[in-house]
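>>> generate coordinates for the sequence data below:
(one chain, ligands or ions: 1)
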Amino acid sequence: MPLTAITREVSASINDCELSFHAREPIDLGRAIAQHKAYQNCLAESGARVVSLPAEPKLPDAVFVEDPAVVMDEIAVISIMGAPSRRPEASSVTEALSRYRPIKFLTAPATLDGGDVLRIDRTVFVGLSRRTNREGVAQLSELLRPYEYRVDPVKMRGCLHLKSACSYLGNHTALVNRSWIGEQDLQEFELLNVAEDEPGAANALLLNGVVIMPASFPKTRVRLEKCGLRVRTIDVSELQKAEAGVTCCSLIFNDEGVTRRGAEFWKEK
Ligand code: GLY
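Residues are numbered from 1 along each chain as shown. Purely as a prediction, here's the structure:
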């Protein structure tokens, strides 16, 4: 299935990023840019057509393009992000997505971050985090109702986004940190636990049969490989200081019907 991955270059102001559960550490901008480029290459080598939006110099978190939108097969929903500083990120993402999908918008008092949204087939799990409120879940549910998605709120604690706590690995299996989501959630799936001393390892990106995950979680990697999964690791250590994972730096969706240009980067004008 042809896939497009929308990404955005790292902002020079990334050191002023939002932080919720991490202590602030200096981010080496040059290394962050190099790691992000390697991430884009990884997506392209995995078969996605990578769209690279220009950096937003005054928006420190703008590289995390997963958060302003939720892209489904039928529509894209532009959210109101939970952190007010991040809300201006949505306009350029809206413009980019409007080439691919009809656009719908959440309205106040809804808040929702795309990192809180985990889609597994026709079920959309939405984390009730510091960033996403019940009104956000309710509005998303209403917008997706015509397309027969089931939207399930998930209680969580101790981490930024739902996808910090769990990711889908395919084959009815989810990678989870059970201390961050309830026992009863995702109970219809096989659950694979992260290594105890790698709590941040539950954020992984399944792309064309390969699980992409940060190099900093070797024990969890071994667990995945023992289950027969193909894993590719990448060094995102500087981006992790901004409370990032591997899903949050891209919006990946089926682009069937859109002219495919292979896996080369397509710089947005
Ligand atoms: N630094 C990523 C976020 O807080 O949204």
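>>> setting aside sequence neighbours, what's the nearest residue to T123?
Spatially, and ignoring its direct neighbours in sequence, T123 is nearest to R150 (4.9 Å; Cβ to Cβ, 6 or more residues apart in numbering). Just so you know, the C-beta spots here come from the backbone N, C-alpha and C atoms, and that holds for glycine as well.
>>> can you pull the pLDDT of A195?
You'll see A195 listed with a pLDDT of 98.
>>> likewise for the one 3 residues further on?
Here the pLDDT value assigned to E198 is 98.
>>> in the chain, which residue sits closest to the ligand?
Relative to the ligand, the nearest point of the chain is E18 (3.4 Å; Cβ to the nearest ligand atom).
>>> contacts only, for that residue.
The contact partners of E18, taken as Cβ atoms under 8 Å, 6 or more residues apart in numbering, are 60-61, 83, 85-86, 243.
>>> which residues does L229 contact?
169, 211.
>>> hmm, back to that, of the contacts of E18, buried ones?
Buried members of the contacts of E18, scored by 16 or more other Cβ atoms under 10 Å, are 60-61, 83, 86, 243.
>>> for the ligand, tell me which of those residues show up nearby.
Counting by Cβ under 6 Å from any ligand atom, 61, 83, 243 from those sit close to the ligand.
>>> quick check: the second one touching S129?
No. Under the criterion of Cβ atoms under 8 Å, A83 is not in contact with S129, lying 11.0 Å apart.
>>> picking that back up, can you get me a residue count around the residue nearest to T123?
Other residues lying near R150 total 12 when counted by other Cβ atoms under 10 Å.
>>> also the one 4 residues further on?
The number of residues packed around V154, counting by other Cβ under 10 Å, is 21.
>>> same deal with T173?
Using other Cβ under 10 Å: T173 sits among 17 other residues.
>>> may I have the phi/psi pair for it?
phi -130, psi 140 (degrees, to the nearest 10).
>>> wait, what's in contact with it?
T173 makes contact with 189-192, 227 under the criterion Cβ under 8 Å, 6+ apart.
>>> how about the residues of the stretch 101-250 of the chain near the ligand?
160, 242-243.
>>> for the chain, which segments count as helices?
29-45, 90-97, 134-144, 162-165, 218-226, 237-240 (DSSP state H).
>>> most surrounded residue in the contacts of T173?
Neighbour max across the contacts of T173 (other Cβ under 10 Å) = L192, 19 neighbours.
>>> shaky segments in the stretch 151-269 of the chain?
The stretch 151-269 of the chain contains residues with pLDDT under 70 at 257-269.
>>> in this structure C227 contacts E190, no?
No. Using Cβ under 8 Å, C227 is not in contact with E190, being 9.2 Å away.
>>> hmm, what's the outermost residue in the protein?
Within the chain, K226 marks the point farthest from the mean C-alpha position, 25.0 Å out by Cα atoms, centre = their mean.
>>> contacting residues around it?
Applying Cβ under 8 Å, 6+ apart, we find K226 in contact with no residue.
>>> look up how far P218 lies from it.
13 Å (Cβ to Cβ, to the nearest Å).
>>> can you check D152 too?
D152 is 32 Å from P218, by Cβ to Cβ.
>>> closest to I27 among the residues of the stretch 101-250 of the chain next to the ligand?
A242 (6.2 Å; Cβ to Cβ).
>>> the closest one: neighbouring residues, count only.
Using other Cβ under 10 Å as the criterion, A242 is surrounded by 25 other residues.
>>> mean neighbour count, the helices of the chain: which tops it?
helix 162-165 (a mean of 29; mean count of other Cβ atoms under 10 Å).
>>> for that helix, name the packing helices and strands.
Judged by 3 or more Cβ pairs under 8 Å, 6 or more residues apart in numbering; DSSP states H and E, the packing partners of helix 162-165 are strand 117-120, strand 123-128.
>>> now render those strands as TSV, adding mean pLDDT and mean neighbour count.
Formatted as TSV, these follow (pLDDT from 0 to 100; neighbours: other Cβ atoms under 10 Å):
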stretch	mean pLDDT	mean neighbour count
strand 117-120	97	20
strand 123-128	97	21
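>>> need these in JSON lines (columns: distance to Q40).
JSON lines is the format used below for the helices and strands packed on helix 162-165 (distance: least, Cβ to Cβ, whole Å):
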{"stretch": "strand 117-120", "distance to Q40": "22"}
{"stretch": "strand 123-128", "distance to Q40": "26"}
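>>> that'll do, ta.
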